[in-house]
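K.L.:
missing the sequence, but the structure's below:
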């Protein structure tokens, strides 16, 4: 699958020092211009480093009208461009964690993954030894996660 990222997964993973995990897991992650601009405002240098490393690639949405329509529904340009780009990308997997954007993307038939799914992928592929410390760190840096989901993620990780 080819990841197309929204802003918040980039921000959350960068805050806990795991942004490069995306590059090691997926080789290439596409992001539309609105996401790149927003991510640069929040995590600046790490975005530029990921671009220089070649795994984070800015890709312009071909159908700007579709993105405009999605923006009217979702209210955010980043989410709108990300979902529009995912529709245009063969075998796309959307990296997103906002509830409304996830529901909207599911309705479009797009595969999803959030920061927690990325951590689970990393453990499954041997890139992380444990998920719990990273999930705890995410929570400590402002990533909202209810106790039930927390327990489910740890169970899926075998921890």
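P.N.:
Everything's here; your move. Here the structure is a predicted model, which is why all the values come from computation and not from measurement.
K.L.:
and stretch 43-58, average pLDDT?
P.N.:
Regarding stretch 43-58, the rounded mean pLDDT is 93.
K.L.:
Give me the contact list for it.
P.N.:
Residues outside stretch 43-58 that contact it (Cβ atoms under 8 Å, 6 or more residues apart in numbering) are 5, 10-11, 14-15, 19-20, 22-23, 26-33, 36, 39-40. Using the backbone N, CA and C atoms, a C-beta is placed for each residue, glycine as well.
K.L.:
ok, 6 Å please
P.N.:
Stretch 43-58 is contacted by residues 11, 14, 19, 23, 28-30, 36, 39-40 when judged by Cβ atoms under 6 Å, 6 or more residues apart in numbering.
K.L.:
which SSE is the closest residue to residue 127 other than its chain neighbours in?
P.N.:
Distances taken as Cβ to Cβ, 6 or more residues apart in numbering place residue 24 nearest to residue 127, at 5.9 Å, with adjacent residues excluded. Using DSSP states H and E, residue 24 sits in helix 19-26.
K.L.:
name the helices or strands packed onto that helix?
P.N.:
helix 115-124 (3 or more Cβ pairs under 6 Å, 6 or more residues apart in numbering; DSSP states H and E).
K.L.:
Could I get the average pLDDT for the next helix-or-strand element following the helix it packs on?
P.N.:
Counting by DSSP H and E, the next helix or strand C-terminal to helix 115-124 is helix 132-140. In this model, helix 132-140 carries a mean pLDDT of 96.
K.L.:
Great, nothing more from me.
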